[in-house]
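Peer 1: Here is the input, now give the coordinates:
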Amino acid sequence: MQTPRFSLEDKTWWKASVKLSSWAGFQARGGAYGSSSSAQPSSGVVQVCFAPEGRGSEPLAEGELSSINWFFANEPEVSAAVQQTILDAYPEIQEQFGFETDDGTEMQNANSIEDLKGLVGLHSVNIHQISRNGIPYIGFELGCDWDGEHGLGVLMHGTRMVEVGGADTAILLWMARQHAEESEGQP
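Peer 2: Presented below is the predicted three-dimensional model:
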């Protein structure tokens, strides 16, 4: 996939709207804070944000562009790893939420990625300005049926899962920084 053109938004972060076919067919979660934006499945169009907690308004530097390019060159593998991470974490998430959604209905089981498509949808991808060994930290912010207020977030270092939690997990720079510091010297 060719790297899209990013534009500065609110003099704080860089964004681009892109189509990630890896996420087509999941819930459409383009509304505010990952809320549902359509009853129809997503076409895969999402916002990709560089430096979700902000950085200066200066143009993107070479190292920052390298992180962005790394993501787009590896997006199918990273997205597949995120989807598998969510599927693997889902039984624990069900238990954490008492097997109930926000509206009190029972949480559906998910035994495959196909099952997840009716439960979650990608809202945004957040590429952090921190990398380790040339691989960026990337947060996936999703909307989900069981927690409309806090959503779902997955922080990755390349194709490796760092943390699964609320949607803020995908955005918080300190989580990426802490993992990078704790993982110093590891592959």
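Peer 1: what secondary structure does the nearest residue to residue 79 once chain neighbours are set aside sit in?
Peer 2: Nearest in space to residue 79, with sequence neighbours left out and distances taken as Cβ to Cβ, 6 or more residues apart in numbering, is residue 22 at 3.6 Å. Quick note: C-beta positions are derived from backbone N, CA and C, even for glycine. At residue 22, secondary structure determined by DSSP: H, G, I helix; E, B strand; the rest coil is helix.
Peer 1: Against residue 176, how distant is residue 22?
Peer 2: Distance of residue 22 to residue 176, given as Cβ to Cβ, to the nearest Å: 21 Å.
Peer 1: ok, those two, which is more surrounded?
Peer 2: With neighbours defined as other Cβ atoms under 10 Å, residue 22 and residue 176 compare such that residue 176 has more, 26 against 17.
Peer 1: need the contact list for that one.
Peer 2: Taking Cβ atoms under 8 Å, 6 or more residues apart in numbering as the criterion, residue 176 is in contact with 128, 130, 137, 139, 155, 157, 162.
Peer 1: so who does the second one touch?
Peer 2: Spelled out, it's residue 130. For residue 130, the residues meeting the contact criterion (Cβ under 8 Å, 6+ apart) are 136, 137, 173, 176, 177, 180.
Peer 1: try it again with 6 Å
Peer 2: Each residue near residue 130 by Cβ atoms under 6 Å, 6 or more residues apart in numbering is listed here: 137, 176, 177, 180.
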